[in-house]
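**Q** Okay, predicted coordinates and the sequence, questions at the end:
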Amino acid sequence: MRTEHNFIDARFVDAPDQPRLSVFDPATGAPVGSVSAASHAQATAAVDAAAKAQKAWAKLPSIARGQYLRRLADALEACADDIGAALASESGKAPQEARNEALYAAEITRYHAEWARRIEGEVIPSDTPDETLLLQREPIGVVACLIPFNYPVYTLLRKVAPALIAGNTVVVRPSNNTPLSAFAIARAVQQAQLPEGVVNILAMQHDVAATLCSHPAVGMITLTGSVRAGRTVLDYCKANIAKPSLELGGKTPAIIEADADLEAAASAIVASKTTHCGQLCTAIERVYVQASVHQRFLELLREKFAAVRIGNRAEDASYMGPLISASAREDVHAKVQRAVAAGARIEAGGVMPEGPGHFYPATLLSDCRQDMEIVQEETFGPVLPVLAYETLDDALAMANDHQFGLSSVLYTEHYRNAMKVANAIEAGELYVNRTPADPYQGYHAGWKRSGLGGDDGKHGMLEFTQTRLVVLKF
C-alpha cells in the first residue's frame, strides 16, 4: 500500500484536515494506496509557488532549462522501476509495460530538451525603410496540466516537458484513478533537483480543480480528456481568458480497401482495439470494409477477437487487462446492449464476465449502421463495429460523417487512393497501412470536437508560448 502526499514547491505536503483518495487495482478491486486530497488553500499555494518560480525559470537561458530536462529524463529512468510499479498497480497494465511507459516518458523529455536552441522568433520586413519588426516567442506563465488515467505517466511528461523548455512552470492534476505514478514522478523531480516551484503535483476533487484552474495566475490549461471535461475547462478559461489546449474524444475510423493486406490489417486492428482494453483516444473505434472483402475480413476479425483472453496482466502479460472502473465497464456494456437492440449482431464477446476486476471481453459487432450510437459515440473500450461500403467515396463520406476528428487509418496498396484519403479525411492524423502511435516528433491535434491545439513536436511545444511583436525604429 502506497501512501502519498501532494508535491508543492519541491516538498511533499500532507493535508491532515482533508479526506484521502483511495486508489484501487482495476484487475482485482483491491486497494493499492491512497493520496492526500489537496485543499483549496493548497491548490492556491501551488499556483502561487509556480508563479513565483516562473520569473526566474523564464530568465534562465533555454539551454540551462534543457539541461534540467535532461537531468529529469535521467531521474525518470533511474526511478522507472518505482514509477512502473505504481502505474501497474493502479492501471491494470503489465509491470513491464508500465515500466516502459516511464522510459518512454524519459525519451519525450529528452526530445523536448533538444528544443532549447531551436525556439526561434522572426524578423519581419517593415513597410518603412528605417524600421524592423521582431516577433519573439515568450512563455505564457503558469500552466495547469490535467492528466488522464489511460497513459498518465507518458501524458504527464508530454505536457510538462514542452511547458518547461518554453519557460513556463506547471501545476499538475493527475487522474484520481491513477495518481500514485504521478507522485513517483514527483520523486524523480526531486532527484533531478529542479528549482522549487517549477513542478507541482496535486491530487484533488473537482471543486478544488476549479480553484486551481480559475486562479488568476494560470495562463494556460492543457487537458487530455473527454468532450465534457473539455467544456468544463473552457468554462474555467473564461474567468481569466486563459489559453486552452484540449485533446478530447476520438472515434478513429479504419478504411479497408479491397487491395489491402487483410491479414496484416486485421491483426493490427485487433491489437489497436485490445491494447489497454481499448482505452486509447486513437484506438480504432469503427471499421469500414470494401464490400467485396467484407465477409472475409469479418471472419478474420472474428477469429482474432475470439482468441483474445482477458485476465490480470500482472500474472500474464498476454492477457487483455481490465477497464479502469466498474462504471466504465457498465457504460461499455450498456452501449453494446443498445447496439444489439438497434440491430447489430455480436460476432464475438458482448457478455459481462463474472468474478473480480473490471474486465470486458473483446467484442465484435456486425450489421451496424452509420447512425447507430456505437458508430457515432466514443466507446473507450474493446468494442468494434464493422460496416461495409461500395466505393472509396462512400467510405470517406461515412468516416467524415462524425463529430470527432482525431485520428484515422487507411489500409490500401494503391497510392492514388492513399493520396485521395490524405487530402479528404477530416481528422488531424492519417495512418496508412498501420495503426496510430503518436510519434512525439509529429503533431497530435484533433479536428471538430476532438480538441483545440495539440501535443508533440515543434508545434506542440509552441502551444506553450505566446508572441511579442517589437517594432524597432532606427
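**A** Perfect, thanks for sending it. Numbers count the residues shown, from 1 in each chain.

**Q** quick one: the strands in the stretch 51-200 of the chain?
**A** 122-125, 131-139, 142-146, 169-173, 199-201 (DSSP state E, counting those that start in this stretch).

**Q** Just put these in TSV and tack on distance to Asn423.
**A** For the C-beta atoms, the positions are set from N, CA and C on the backbone; glycine is no exception. TSV is the format used below for the strands of the stretch 51-200 of the chain (distance: least, Cβ to Cβ, whole Å):
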stretch	distance to Asn423
strand 122-125	29
strand 131-139	31
strand 142-146	34
strand 169-173	37
strand 199-201	41
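
**Q** Highest mean neighbour count out of those?
**A** Stretch with highest mean neighbour count among the strands of the stretch 51-200 of the chain: strand 199-201 (a mean of 30; mean count of other Cβ atoms under 10 Å).

**Q** I'd like the mean pLDDT over it, please.
**A** Looking at strand 199-201 alone, the average pLDDT works out to 98.

**Q** ok, so what distance separates Cys281 from Glu263?
**A** The gap separating Cys281 from Glu263 is 27 Å, by Cβ to Cβ, to the nearest Å.

**Q** Comparing the two, which residue is more hemmed in?
**A** Per other Cβ atoms under 10 Å, whichever of Cys281 and Glu263 has more neighbours is Cys281, with 29 against 12.

**Q** phi, psi of the more buried one?
**A** phi -70, psi -20 (degrees, to the nearest 10).

**Q** Quick check: closest non-adjacent residue to it.
**A** Of all residues not flanking Cys281 in the chain, Gly250 sits nearest, at 4.4 Å (Cβ to Cβ, 6 or more residues apart in numbering).

**Q** what sits against that neighbour?
**A** By Cβ atoms under 8 Å, 6 or more residues apart in numbering, Gly250 lies in contact with Cys281, Thr282, Ala283, Glu285, Glu378, Phe404, Leu406, Ser407, Gly446, Ser450.

**Q** What subset of these is buried?
**A** The neighbour-count criterion (16 or more other Cβ atoms under 10 Å) marks Cys281, Thr282, Ala283, Glu285, Glu378, Phe404, Leu406, Ser407, Gly446, Ser450 among those as buried.

**Q** So which of the residues you listed sit within strands?
**A** Secondary structure from DSSP state E places Glu285, Phe404 of the buried ones among the contacts of Gly250 in strands.

**Q** ok, the buried ones among the contacts of Gly250 vs Ile63, which is closest?
**A** Closest approach to Ile63 among the buried ones among the contacts of Gly250 (Cβ to Cβ): Gly446, at 32.6 Å.

**Q** My guess is the closest one contacts Gly453. True?
**A** No. The pair Gly446 / Gly453 is not scored as a contact, 9.0 Å apart, by Cβ atoms under 8 Å.

**Q** State the number of residues packed around Leu472.
**A** 11.

**Q** roughly how far is stretch 156-165 from the heart of the chain?
**A** 13 Å (Cα atoms, centre = their mean, to the nearest Å).

**Q** Now do the closest residue to Pro125 other than its chain neighbours, the pLDDT please.
**A** Leaving aside its chain neighbours, Pro125 sits nearest to Leu133 (7.3 Å; criterion: Cβ to Cβ, 6+ apart). You'll see Leu133 listed with a pLDDT of 97.

**Q** which ones are touching Leu133?
**A** Val123, Ile124, Pro125, Ser126, Leu469, Val470, Val471, Leu472.

**Q** rerun that using 6 Å as the cut-off
**A** Ile124, Ser126, Val471 (Cβ atoms under 6 Å, 6 or more residues apart in numbering).

**Q** Of those residues, which is the nearest to Ala56?
**A** When these are compared against Ala56 (criterion: Cβ to Cβ), the nearest one is Val471, at 28.4 Å.

**Q** and that closest one, how far is that from Gly350?
**A** For Val471, the distance to Gly350 - Cβ to Cβ - is 65 Å.
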